[in-house]
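>>> Can you look at this prediction? I've put the sequence above it.
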2 protein chains.
Amino acid sequence: MTLHKTTTSYPLSPRNRVKRRHDRGFYDHDTVHGLLDASMLCHVSYVIDGQPYCTPTFFWREGTTLYWHGSSASRMLKNQSGNQRVCLTVAHLDSLVLARCGFNHSADYRAVMAFGTAYLVTEPQAKQRALVAMVDRFFPDRTASLRQSTAQEIKATSVIAMEIEQASAKIRAKGVADDDEDYELPIYAERIPVRTVLGAPESCPRLRDGVERPASLGGYSEGRLLEEALRDAYFLQYPGK
Amino acid sequence: MTLHKTTTSYPLSPRNRVKRRHDRGFYDHDTVHGLLDASMLCHVSYVIDGQPYCTPTFFWREGTTLYWHGSSASRMLKNQSGNQRVCLTVAHLDSLVLARCGFNHSADYRAVMAFGTAYLVTEPQAKQRALVAMVDRFFPDRTASLRQSTAQEIKATSVIAMEIEQASAKIRAKGVADDDEDYELPIYAERIPVRTVLGAPESCPRLRDGVERPASLGGYSEGRLLEEALRDAYFLQYPGK
């Protein structure tokens, strides 16, 4: 993997510096944001009374701000409303790696850890904008075609945001990497690729007559990589960001 | 989703009770273990000096014990050696759900959160057994065919274990679920399935002549669901557990 530097990077500190295998660490915005925008699912870590929690949730990015949402009654969101420190992580598994000794068994992966302080988005216009982005970031311009949200629905949804204070990406992409002398051994080794793909879209059986799939969903087609569809949707919704 | 009870369940407390959408919560061993065994990748949350971290890592289960490993020099493992509370989470994304209003946009998923206290596996025989399981749980009986681990490799690897004190599974599997009156609207809605599948295995280009892919890897074949291959491997290695 070649280090591809961009002019803008997240600042380094002991909190986000990749300590083990630092050759696998990246801090530039392009790498970090690219991996974030290729995922819909993240895991958020937070602490309540000394107990760590790790909650899988959906998220999206705008610039250097990450957003996620959920029920206003959720434990996670109640806790995060009060400017709590959090760590939001995204991981893509790319392969299983079977080497010639146990120690070199590994996997190819791309992961991002982002650190910041969570806060509740309360300003009505900002919250409204976020609730649109929550849908349209994944399905460009879809909100305009939907039944409008009710005041009760908006009240029942909490939006949490976090400025990325620090982040790191860690990437392994080299497949089998054995010790030099082990290549001489008559032992089988391989890389098994792993891909997350879309199945054939299943339209709701209760669609009204004449309602067709909008062309804007064309990026979500059977067999496509989920991450490609998500990245394309991101670029459509936030061109040049 | 029908609640399928088994005789054995994890105990309930405020820590693991599914609060929001409690109809989606399961606590029985079969459901929790089945979802854990269908994954290689988990996310572990832990706290250092009040800062939560969320680290993606590989893990496996034996009974009600979870194991993960890494470099003896890693920050995560050094921290977890000292009986730290952790939360280990696994999430499977099954579909994206596009509804007729923003509020009902969702996803089908299956997730487990497991709580416990992490400890370093130091007893030499237990560590040795774990280092074998780390490979053979995924690739049954593979360790016997590998170059033996050196003392240095064993020393450089830390194995962390955690008894599952509490756990919960949360499952959504209903696709589009709109408000009754919204089905009358001329709005398109669908479920887009998501699957994590294996690509064609890529044998190491530096294999010695005559070294063939062992039959025991037959479960890892192109197009198969990763979770099926992992579950099958688990049953081969730990029959009836």
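Received the coordinates, thanks.
>>> and the worst-scoring helix or strand of chain A on mean pLDDT, anywhere near chain B?
Counting by mean pLDDT, DSSP states H and E, chain A has its least confident helix or strand at helix A:75-80, which shows a mean of 72. Yes: under the criterion of C-beta under 8 Å from any C-beta of the partner chain, chain B is reached by helix A:75-80 at residue A:75. The C-beta positions use only the backbone N, C-alpha and C, and glycine is treated the same way.
>>> Tell me the first helix or strand C-terminal of that helix.
Sequence order places strand A:85-98 as the next helix or strand after helix A:75-80, per DSSP states H and E.
>>> now that next one: mean pLDDT?
What strand A:85-98 shows for mean pLDDT is 97.
>>> repeat for stretch A:227-241
89.
>>> sorry, back to before: identify all contacting residues around the least confident helix or strand of chain A.
A:44, A:46, A:48, A:53, A:55, A:57, A:69-71, A:86, A:118-120, A:158, A:160, B:19-20 (C-beta atoms under 8 Å, 6 or more residues apart in numbering or on different chains).
>>> Give me the neighbour count for residue A:150.
Neighbour count of residue A:150, defined by other C-beta atoms under 10 Å in any protein chain shown: 12.
>>> Now do the contacts for the closest residue to it other than its chain neighbours.
Nearest residue to residue A:150 in three dimensions, chain neighbours excluded: residue B:103, at 7.9 Å (C-beta to C-beta, 6 or more residues apart in numbering or on different chains). By C-beta under 8 Å, 6+ apart, the contact set of residue B:103 is A:149-150, A:153, A:156-157.
>>> which SS state does residue A:205 fall under?
coil (DSSP: H, G, I helix; E, B strand; the rest coil).
>>> out of the contacts of residue B:103, which are buried?
A:149, A:153, A:157 (16 or more other C-beta atoms under 10 Å in any protein chain shown).
>>> correct me, but the first one touches residue B:102?
Read it as residue A:149. Yes: look at residue A:149 against residue B:102 with C-beta atoms under 8 Å: they come within range, at 5.3 Å.
>>> Overlap in contacts, the two.
With C-beta under 8 Å, 6+ apart, residue A:149 and residue B:102 have common neighbours residue A:131.
>>> State the distance from the residue lying closest to residue A:64 once chain neighbours are set aside to chain B.
Distances taken as C-beta to C-beta, 6+ apart place residue A:164 nearest to residue A:64, at 4.8 Å, with adjacent residues excluded. Look at residue A:164 and chain B: by C-beta to the nearest C-beta, to the nearest Å, they are 14 Å apart.
>>> so who does residue A:164 touch?
Per C-beta under 8 Å, 6+ apart, neighbours of residue A:164: A:10, A:32, A:64-66, A:114-116.
>>> Tell me which entries of those lie within strands.
Judged by DSSP state E, strands contain the following of the contacts of residue A:164: A:65-66, A:114-116.
>>> Go back to those and keep what's next to chain B.
residue A:115.
>>> closest to residue A:82 among the ones in strands among the contacts of residue A:164?
Taking C-beta to C-beta as the measure, residue A:82 lies nearest residue A:116 of the ones in strands among the contacts of residue A:164, at 14.1 Å.
>>> The closest residue to residue A:213 other than its chain neighbours: neighbouring residues, count only.
Distances taken as C-beta to C-beta, 6+ apart place residue B:188 nearest to residue A:213, at 5.8 Å, with adjacent residues excluded. Neighbour count for residue B:188, taken as other C-beta under 10 Å: 20.
>>> Residue B:188 contacts residue A:215, doesn't it?
No: using C-beta under 8 Å, residue B:188 makes no contact with residue A:215, being 10.9 Å away.
>>> Contacts only, for residue A:131.
So residue A:131 contacts A:69, A:149, A:154, A:157, A:159, B:102 (C-beta under 8 Å, 6+ apart).
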